[in-house]
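Q: Have a look at this prediction, sequence included:
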Amino acid sequence: MAQANSWEKEFRRAIKVHIGQGWTVQPDRGNIRVLYGNKKEGFKSINLPYKWQEDQWFDAFKLIEVASDSYKEYEDKISLKTAFSNAEKSNTKYELNWIEALNNYRKSNEHTIAEATWKTKHLPVLEAVLYYMNKPKYKPQNGKKLWDKVSNEYVHGKLGQLRGWKKGTTMRRHMRLAFNRFLNWCVQREDFPSYWLPPVFNKAEEEVTIKKRIGYPLTDSQIGRLVDSFGDSPEAKRWQFAVILCATYGLRPEELRYLTLRNNKEELWTTYQKSNSRINGRRLFPLEVLDIDGKPFDWCQNLEQKFALRNLPEIKKGEGSQRLGKQLRDRSPKNTWLSICKEAEAEGQECTPYSFRHRYASVAHSRTNNEGKYLSPKQIADAMGHDLETHLKSYARFSSKELENVFDSFRQKLETKIEA
């Protein structure tokens, strides 16, 4: 027990020896509180922006040393709060170069964080950090206060319509992780004071509680309308072909960058591998899009041969979903796409570039093969490029879409209709 508290003894001894009589420190709701005075006349105190823990006491001591000198110099003519405020202003933390730290941080991980990920899941919260730390007045004084400002008050979004990041969302979690990583870098690599370490987060307060949105599976009819709505320009034709491939093979939009032909150019493969997956590439198997008569559309047949002769749009790494979504909203299929999105909203779901992949999963669970048998969940998971656990978590709802048909209630209804 004595060893565990040795730093506290060292801290108090440093105060006694170097600061002088009447000064002491004690823990206060997890932070360091400074007291000055005596039992007879009473104490004046102030709570510091430092945690009562071993890695922060020395930085706190340096601040107390400067503030106590100022307080004694003015012979109690200024308040304790004013003395510490002046000390903070002269402290090196007001000279910290946050912009330089951010530039160094980005250079250090430019090979581990893709540009698209950097822009969407790191830069928004880091721009917020710079916004508050470059303000001329009223800057946050430690990592906790900075997070409170950034996460709850920072105004952002295309039109400045968002304030902070909503608790319980996955995006807030991404922002928190990026915030933590940057502040840890600042303290560990840029020699920022330890009070800039990110706060210890309350799991219940910061965990993701808002359910993931329900992905809408496009119908074959909707895909047919969408394909017909593309214009005749070369670029429109390239994106039209990209949509056809996503719908027919259940591709992630990002996988459009990783397509290749193998085995005498008779098989279409993707070499894409997710960072958290062991699956490294797979052969693609089509589930053709059917017209109103139940026959495949001409444009979704013989796609291996068409792929060998046609070009896909250029997509930068990590921007597959973003680029496809932009084309659907901004180009020739815009009105058709927005109409389909409204149809999804009417069912309480959301239409996204992944809706082509959701369509593939839905069809895979409901369409029989040439032998009249249904595909197993494991077969569908292999075809879609993820493990069975991931598949069941995301797409099990499609396996029970026609649930009534396998029970006796359906047989009884059918017999009743026949008798009638």
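A: Happy to help now that I have it. Residues are numbered from 1 along each chain as shown.

Q: how far is stretch 176-184 from where the chain is centred?
A: Relative to its parent chain, stretch 176-184 has a centroid offset of 13 Å by CA atoms, centre = their mean, to the nearest Å.

Q: Just the CA atoms of that stretch, as CSV, please.
A: Coordinates of the C-alpha atoms in stretch 176-184 are reproduced here as CSV (Å, rounded to 0.1, in the frame of the first residue of the first chain):
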residue,chain,number,x,y,z
ARG,A,176,-14.0,9.9,-29.8
LEU,A,177,-11.4,7.3,-31.0
ALA,A,178,-9.8,9.9,-33.4
PHE,A,179,-9.8,12.5,-30.6
ASN,A,180,-8.1,10.1,-28.2
ARG,A,181,-5.5,9.0,-30.7
PHE,A,182,-4.5,12.6,-31.5
LEU,A,183,-4.3,13.8,-27.9
ASN,A,184,-2.2,10.7,-26.9
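
Q: What average pLDDT does it get?
A: Average pLDDT, stretch 176-184: 94.

Q: now the nearest residue to T219 once chain neighbours are set aside: how far from G160?
A: Spatial nearest neighbour of T219, excluding adjacent residues (CB to CB, 6 or more residues apart in numbering): R359 at 7.2 Å. For every residue, glycine as well, the C-beta is placed using N, CA and C. Distance check for R359 against G160: by CB to CB, to the nearest Å, it reads 36 Å.

Q: Who has more neighbours out of the two?
A: Neighbour tally, R359 and G160, criterion other CB atoms under 10 Å: the higher count belongs to R359, 25 against 8.

Q: so what's the more buried one up against?
A: For R359, the contacting residues are P217, L218, T219, D220, I223, A247, G250, by CB atoms under 8 Å, 6 or more residues apart in numbering.

Q: Those in helices, which ones?
A: Using DSSP state H, D220, I223, A247 are the members of the contacts of R359 that sit in helices.

Q: For these, which single residue is the most surrounded?
A: A247 (28 neighbours).

Q: Now do the buried residues in the longest strand along the chain.
A: Secondary structure assigned by DSSP state E gives strand 42-51 as the longest strand of the chain. Neighbour-count burial for strand 42-51 flags I46, L48, P49, Y50, K51 (criterion: 16 or more other CB atoms under 10 Å).

Q: Surely the third one and K139 touch.
A: Read that as P49. No: counting by CB atoms under 8 Å, K139 is not a contact partner of P49; they are 11.2 Å apart.

Q: could you give me the average pLDDT of stretch 79-97?
A: Over the span of stretch 79-97, the pLDDT mean works out to 73.

Q: Tell me which residues are up against stretch 225-243.
A: With contact meaning CB under 8 Å, 6+ apart, stretch 225-243 is reached by 218, 223, 244, 256, 297, 299, 306, 310-313, 324, 327-328, 331-333, 335-337, 340, 356.

Q: again, only using 10 Å
A: Stretch 225-243 is contacted from outside by 218-219, 223, 244, 247, 251, 253, 256, 259, 289, 297, 299-300, 303, 306-307, 310-315, 320, 323-324, 326-328, 331-337, 339-340, 353, 356, using CB atoms under 10 Å, 6 or more residues apart in numbering.

Q: circling back: other SSEs contacting the longest strand of the chain?
A: In this structure, strand 42-51 makes packing contacts with strand 23-28, strand 31-38, helix 57-73, helix 80-90, helix 143-152, judged by 3 or more CB pairs under 10 Å, 6 or more residues apart in numbering; DSSP states H and E.

Q: In a markdown table, list the ones you listed along with mean neighbour count and distance to I380.
A: Converted to a markdown table, the helices and strands packed on strand 42-51 look like this (neighbours: other CB atoms under 10 Å; distance: least, CB to CB, whole Å):
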| stretch | mean neighbour count | distance to I380 |
| --- | --- | --- |
| strand 23-28 | 16 | 57 |
| strand 31-38 | 19 | 54 |
| helix 57-73 | 19 | 56 |
| helix 80-90 | 16 | 60 |
| helix 143-152 | 19 | 39 |
